[in-house]
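Peer 1: here is my input; please provide its structure:
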Amino acid sequence: MTQPTFVVDSRGAKYQLGKCLGEGGQGAVYAVEGGRLAAKVLAAGSKTDPKRLERQLQFLRTLDLAGIPIAQPEAVLASPHAGYIMRLLTDMSSLKQLMVPPSGTASLRRWYLDTGGLRRRLKVCGRAATALAMLHAKGLCYGDVSPANIFVSTVTTSDTVYLIDADNLRYESSPNNQPVYTPGYGAPEVVARRGFVSTLTDAHGLAVVAFATLVLVHPLQGDLVEEGDPDLEERALCGLLPWIDHPTDPANRSSRGIRERDVVLSGNLRHLASQAFGDGLSDPRKRPSASEWAEALERASRNCLVCPSCKATFYRTAESCPWCSTPRSPFLYGRLRIWDPALNDRTGGYVIGPDKHDQVVDSFALAAGDQMLIDQRLAAGHSHGHAASELLTVSFTGKGVDIQRRAPEAVLELRKPPRRHALTDAPVTLKADGDLPQTTIHLGPSDQLHRVLDLWLMGGKKS
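Peer 2: Residues are numbered from 1 along each chain as shown. Next up, the predicted model:
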């Protein structure tokens, strides 16, 4: 679409437009010069009613969206333009910047690393999933999940995320849930016009976004679709063709993107993708939820290590950096288990999983020089919600571990048989070669069900 030079809102305020920050099926987003604002300008011929936008703006003002990273409309544009003004952080653009390499990119792998690598992509997708999960927890559906509507920082060291297009936000039970989607990201039932937008259609769009951001290829558009008749794309998006990693049907395999899936997808993420693009294509109830994606993406990001040679990030389970083949250095492994006082006599208090082993509910990995913040969400097992209080930080120096309590009201105990004492404000240093194997940090009172943290020094080989 042709970029306008300025727009005017319904109150008569004029906004000078700067560069285009992102473009999707409904229109484009432009930076507003001289402020932390952006303008969503709908494409010419849009059937959006300005009065409907005004009503939607009033509706959004009634919602409690505190803590959710979503850019809410602040003013509706006046004719001849349709759209709205929203508040947006500076130096942001659409998620496409992490999904589509610029034309002429010589090395896909080099571009992948230069734009933040694996861990940044996991964190960005995890934050987007968390935002959607928070909306779903309020009974709201987003309606049009696509990379054009997920904005991320242009700074490669940042994982800040904002959802835009809040004008599509509505309650899931709303009778006005008409199909609105960006081509390529609509759920099969919406594309085939046999369903309406819901949290389940949001979950499909999120699955496509996460997979395409990590693997750099659309999960439903393999070589069969890319090189075949145009009608094959419609069939694929309606869920009538096998997805590109179907376990038994190779008809739609893809030769593009990051072909070594285990380099960018953890085992849990591969499982969720198989659910989403397997049975989930025809049965929306079998799709992983936004909350499940958030938990898996965030946990995967916490289990990435930084290569000391090429500075790329990779999963701790790899024996060497998959990007440059440098052997993996020793790292600190933290695992979270569940402790139940009622089981103290039988299992020492630890909850045992179906495999007869202690049930590990979360984990993280730290290379030398890295730090991990344990907050109330991680300690309690909540993947999303409002800002959580910080409990403690764990820092790995390479030779030992520094533990610093951050919340005086938190009940934290450090147990090193036969000693047991509560953490204080004074930092605790543990020697990697002697203290760690006999240290457990309890993240709750001893008479209540709670999580415990074990710390292990892992060698440079696969463990």
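
Peer 1: residues of the biggest helix by length in the chain that come out buried?
Peer 2: Longest helix of the chain, by residue count under DSSP state H: helix 117-137. Residues of helix 117-137 classed as buried: 117-136 (neighbour count, 16 or more other CB atoms under 10 Å). From N, CA and C alone the C-beta is placed, and that goes for glycine too.

Peer 1: also stretch 340-352?
Peer 2: 349, 350.

Peer 1: follow-up on the earlier one: other SSEs contacting the helix or strand just after the longest helix of the chain?
Peer 2: Per DSSP states H and E, the first helix or strand lying C-terminal to helix 117-137 is strand 140-141. Here strand 140-141 touches strand 170-171, helix 199-215, going by 3 or more CB pairs under 8 Å, 6 or more residues apart in numbering; DSSP states H and E.

Peer 1: now the helices for the chain?
Peer 2: 50-61, 108-114, 117-137, 188-191, 199-215, 223-227, 231-237, 261-264, 267-277, 279-282, 290-302, 344-347, 376-380.

Peer 1: of these, which is nearest residue 415?
Peer 2: helix 344-347 (12.8 Å; CB to CB).

Peer 1: so where is the stretch 151-300 of the chain shaky, pLDDT-wise?
Peer 2: Applying pLDDT under 70 to the stretch 151-300 of the chain flags the ranges 173-178.

Peer 1: mind putting the helices of the chain in CSV, distance to residue 388 included?
Peer 2: Converted to CSV, these look like this (distance: least, CB to CB, whole Å):
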stretch, distance to residue 388
helix 50-61, 25
helix 108-114, 31
helix 117-137, 12
helix 188-191, 34
helix 199-215, 22
helix 223-227, 42
helix 231-237, 38
helix 261-264, 28
helix 267-277, 22
helix 279-282, 30
helix 290-302, 13
helix 344-347, 28
helix 376-380, 4
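
Peer 1: got a list of what residue 392 touches?
Peer 2: Contacts for residue 392 (CB atoms under 8 Å, 6 or more residues apart in numbering) come out as 373, 374, 403, 404, 405, 406, 407, 410, 412, 423, 441.

Peer 1: just checking: the least confident one among the residues you listed is which?
Peer 2: Ranked by pLDDT, the contacts of residue 392 bottom out at residue 410 (74).

Peer 1: restricted to buried residues, select the contacts of residue 392 in ChimeraX.
Peer 2: Applying 16+ other CB under 10 Å to those, the buried members can be selected in ChimeraX as follows:
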select :374,403,405,410,412,423,441
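
Peer 1: of all pairs in the contacts of residue 392, which one is the farthest apart?
Peer 2: Across the contacts of residue 392 (CB to CB), the longest gap, 15.0 Å, separates 373 and 423.

Peer 1: return the most buried member of the helices and strands packed on strand 140-141.
Peer 2: Highest mean neighbour count among the helices and strands packed on strand 140-141 (mean count of other CB atoms under 10 Å): helix 199-215, with a mean of 26.

Peer 1: next, the angle from that helix to helix 267-277.
Peer 2: Interaxial angle, helix 199-215 versus helix 267-277 (axes from the mean of the first three to the mean of the last three CA atoms, to 10 degrees): 130 degrees.

Peer 1: could you dump helix 199-215 to CSV, C-alpha only?
Peer 2: Extracted as CSV, the C-alpha positions of helix 199-215 are listed here (Å, rounded to 0.1, in the frame of the first residue of the first chain):
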residue,chain,number,x,y,z
THR,A,199,-8.7,-19.3,21.8
LEU,A,200,-8.2,-22.6,19.8
THR,A,201,-7.7,-20.7,16.6
ASP,A,202,-5.3,-18.4,18.4
ALA,A,203,-3.4,-21.6,19.5
HIS,A,204,-3.0,-22.6,15.8
GLY,A,205,-1.7,-19.3,14.8
LEU,A,206,0.7,-19.3,17.7
ALA,A,207,2.0,-22.8,16.7
VAL,A,208,2.7,-21.7,13.2
VAL,A,209,4.5,-18.5,14.4
ALA,A,210,6.7,-20.4,16.8
PHE,A,211,7.6,-23.1,14.4
ALA,A,212,8.3,-20.8,11.5
THR,A,213,10.4,-18.4,13.8
LEU,A,214,12.6,-21.3,15.0
VAL,A,215,12.8,-23.4,11.9
